[in-house]
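Colleague: return atomic coordinates for the entry below.
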Amino acid sequence: MITFSEMGRLDKWRPFLLQFALIAWVTGFWWCRGRWEQGLLLQWVVLPAFALNADHAWNLWKEWFGAGVRRYFCWWSLFSLIEWQFWVTGARAGDWWGGAGSGKDFVVLSILVTSLALLGQNPSARLRLWWSVMVVALVAIGASFFHFYQDYGISEQRFRLVWRYRAGFNAVTTGILVGFALVVCWGPWARHRRIPVWGQYLALIFLGAALAASESRGALLAALVAGGGHLLQGILLGKSPFKLRLAPAYVWQNLLVPVAGFVAYWAMALQFGKAEGDDLMSRGSAGRLDVYQEYLKQLSGWDWAVGTGEVFSLPPEELGWLVHHPHSAYLGQLAGYGVLGSLLLLVFLGVALWTIRRRPELPLVLFGLAAGLFDGGQFFSAFSVARWEILVVFVPLVVALSAHESLHPSLSSEIEDFQ
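Modeller: Down below sits the predicted model:
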């Protein structure tokens with residue numbers, strides 16, 4: 001029989017169990033061999049932890065939906081977006097319980113939104129989350145980097161994380177995961193007194209080299225957008241002394257140090273005989289324009305207004321190869337949920353970005369939104385084909401939105417707190 005003291009101890013540990021579960025799920029993106037493993041983490045780790053915190057989740061829902069649309073517009077619009085996807089998928093694609101956009105997706109996303117919001121309300125929990133991402137991503141990328149080049153040497157092979165199968169994760173997926181880790185290392189979480197400056201610079205140089213080795217131009221563009229956003233956020237939103245003292249450090253740390261790693265990789269690649277034609281620019285559009293045109297050709301009638309209800313694949317006979325997803329999360333939203341779904345997404349993102357403009361997670365969200373321009377299937381789905389979109393947009397966005405208004409310090413104050 002459980003005593004009152006044991007119940008009290010369990011009550012004290014419940015939030016920590018949920019934090020641990022979410023950290024395991026988020027960091028699993030760098031280690032899991034496939035989407036099914038992340039599904040296992042959701043099913044056997046996150047869901048039980050969420051169930052233990054059901055009363056906290058219920059109170060949070062009552063707060064969101066009891067205070068009205070005006071105060072919690074972002075949460076109302078986010079759930080409206082997910083619900084729109086559910087109804088369109090059921091009515092148009094006939095999938096009421098199954099894959100992306102179905103009832104199962106709605107339930108999983110609702111649980112993740114609530115769980116991440118509960119985590120995000122605690123500044124220490126947010127700090128633990130991003131610290132864990134930084135450390136786990138560095139270890140995973142570092143181990144894979146050396147294992148990969150031990151097998152291939154400096155060859156024509158683009159760097160890929162090796163954990164999924166011997167050939168490794170798709171190079172684009174690898175580039176996105178490396179780039180996201182790079183942006184995390186730019187954040188105030190990395191500027192902590194326990195981390196020597198030279199250690200942080202080594203991490204940034206290494207991640208810059210790994211990003212270059214993936215030769216993923218979309219990930220590189222996303223990293224540049226995030227770096228620019230981080231720099232502008234520091235200069236425009238910081239207090240006056242912060243602008244004067246840290247702006248040069250932002251330029252050095254956010255742009256020049258990772259670029260040093262990027263240049264070092266290409267210098268080494270050219271030195272050891274990597275073919276000149278196999279550079280970042282030689283692949284042209286990599287078939288993206290043909291994919292976009294073919295997806296748009298498939299839409300007709302009501303598809304333009306409300307979507308097809310699913311982010312469909314193109315069969316091999318269309319382009320000569322099986323196209324698993326639209327290679328643009330925005331096009332995926334249009335194909336799946338039409339102009340109305342796309343407008344709902346853009347309105348939500350616009351308001352959310354303005355709301356989190358002072359949050360340190362803003363560059364992470366900008367990274368994800370830029371990465372989704374030229375790859376991915378859907379931003380807001382736990383069953384997306386490309387698998388990384390929910391990490392690079394959904395997770396930092398919900399965590400940033402979840403901080404109480406009273407916990408919204410200026411960026412400079414937050415950096416001082418972390419230091």
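Colleague: residue 212: what secondary structure?
Modeller: In three-state terms, and counting by DSSP: H, G, I helix; E, B strand; the rest coil, residue 212 is helix.
Colleague: same thing with residue 207?
Modeller: In three-state terms, and counting by three-state DSSP, residue 207 is helix.
Colleague: burial check on it, number of neighbours?
Modeller: For residue 207, the tally of surrounding residues (other CB atoms under 10 Å) stands at 29. (Glycine included, C-beta is placed from N, CA and C.)
Colleague: tell me the contacts of the nearest residue to it once chain neighbours are set aside?
Modeller: If the residues on either side of it in the chain are set aside, residue 207 comes closest to residue 182, at 4.2 Å by CB to CB, 6 or more residues apart in numbering. The neighbours of residue 182, taking CB atoms under 8 Å, 6 or more residues apart in numbering as the test, are 204, 207, 208, 211, 223, 258.
Colleague: and the fifth one, what element?
Modeller: Residue 223 belongs to helix 217-237 when assigned by DSSP states H and E.
Colleague: which other helices and strands does that helix contact?
Modeller: When contacts are defined as 3 or more CB pairs under 8 Å, 6 or more residues apart in numbering; DSSP states H and E, helix 217-237 sits against helix 171-186, helix 197-214, helix 240-251, helix 362-371, helix 411-418.
Colleague: same thing but 6 Å
Modeller: Other helices and strands packing on helix 217-237, by 3 or more CB pairs under 6 Å, 6 or more residues apart in numbering; DSSP states H and E, are helix 171-186, helix 240-251, helix 362-371.
Colleague: quick one: least confident helix or strand in the chain?
Modeller: Of the helices and strands making up the chain, the lowest-confidence element is helix 411-418, at a mean of 45, by mean pLDDT, DSSP states H and E.
Colleague: I'd like to know which elements the helix or strand containing residue 344 is packed against.
Modeller: Secondary structure assigned from DSSP H and E places residue 344 in helix 329-355. Taking 3+ CB pairs under 6 Å, 6+ apart as the contact definition, the neighbouring helices and strands of helix 329-355 are helix 73-93, helix 302-306.
Colleague: could you export those as JSON lines, including mean pLDDT?
Modeller: As requested, the helices and strands packed on helix 329-355 are arranged in JSON lines below (pLDDT from 0 to 100):
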{"stretch": "helix 73-93", "mean pLDDT": "92"}
{"stretch": "helix 302-306", "mean pLDDT": "91"}
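Colleague: between these, which one is closest to residue 100.
Modeller: In terms of CB to CB, the element of the helices and strands packed on helix 329-355 nearest to residue 100 is helix 73-93, at 7.4 Å.
Colleague: next helix or strand past the closest one?
Modeller: Counting by DSSP H and E, the next helix or strand C-terminal to helix 73-93 is helix 103-120.
Colleague: now do that next one and helix 73-93, the angle between them.
Modeller: Taking axes from the mean of the first three to the mean of the last three CA atoms, to 10 degrees, one finds helix 103-120 and helix 73-93 inclined to each other by 170 degrees.
Colleague: and helix 103-120, what does it pack against?
Modeller: Helices and strands touching helix 103-120, as assessed by 3+ CB pairs under 6 Å, 6+ apart, comprise helix 4-27, helix 73-93, helix 395-401.
Colleague: can you redo these as TSV with mean neighbour count and distance to residue 372?
Modeller: Formatted as TSV, the entries for the helices and strands packed on helix 103-120 read as follows, by neighbours: other CB atoms under 10 Å; distance: least, CB to CB, whole Å:
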stretch	mean neighbour count	distance to residue 372
helix 4-27	16	18
helix 73-93	19	15
helix 395-401	26	12
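Colleague: any idea which of the ones you listed gets closest to residue 60?
Modeller: For residue 60, the closest of the helices and strands packed on helix 103-120 is helix 73-93, at 9.3 Å, according to CB to CB.
Colleague: tell me which strands and helices that closest one is in contact with?
Modeller: helix 103-120, helix 329-355.
Colleague: can I get it in PDB, CA atoms only?
Modeller: Listed in PDB are the C-alpha atoms of helix 73-93, where the atom choice follows Å, rounded to 0.1, in the frame of the first residue of the first chain:
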ATOM      1  CA  PHE A  73      -4.200  33.100 -29.500                       C
ATOM      2  CA  CYS A  74      -1.100  31.000 -30.400                       C
ATOM      3  CA  TRP A  75      -2.400  27.900 -28.500                       C
ATOM      4  CA  TRP A  76      -5.900  28.300 -30.000                       C
ATOM      5  CA  SER A  77      -4.500  28.700 -33.500                       C
ATOM      6  CA  LEU A  78      -2.100  25.800 -33.100                       C
ATOM      7  CA  PHE A  79      -4.800  23.400 -32.000                       C
ATOM      8  CA  SER A  80      -7.100  24.700 -34.700                       C
ATOM      9  CA  LEU A  81      -4.300  24.000 -37.300                       C
ATOM     10  CA  ILE A  82      -3.900  20.400 -36.000                       C
ATOM     11  CA  GLU A  83      -7.700  19.900 -35.900                       C
ATOM     12  CA  TRP A  84      -8.100  21.200 -39.400                       C
ATOM     13  CA  GLN A  85      -5.500  18.700 -40.600                       C
ATOM     14  CA  PHE A  86      -7.400  16.000 -38.800                       C
ATOM     15  CA  TRP A  87     -10.800  16.800 -40.400                       C
ATOM     16  CA  VAL A  88      -9.400  17.300 -43.900                       C
ATOM     17  CA  THR A  89      -7.500  14.000 -43.700                       C
ATOM     18  CA  GLY A  90     -10.500  12.100 -42.500                       C
ATOM     19  CA  ALA A  91     -13.000  13.700 -45.000                       C
ATOM     20  CA  ARG A  92     -10.700  13.900 -48.100                       C
ATOM     21  CA  ALA A  93      -8.300  10.900 -47.600                       C
END
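Colleague: thinking again about what came up before, ok, which of the helices and strands packed on helix 329-355 comes nearest residue 387?
Modeller: Nearest of these to residue 387, taken as CB to CB: helix 73-93 at 17.5 Å.
Colleague: kind regards, and thank you for your time.
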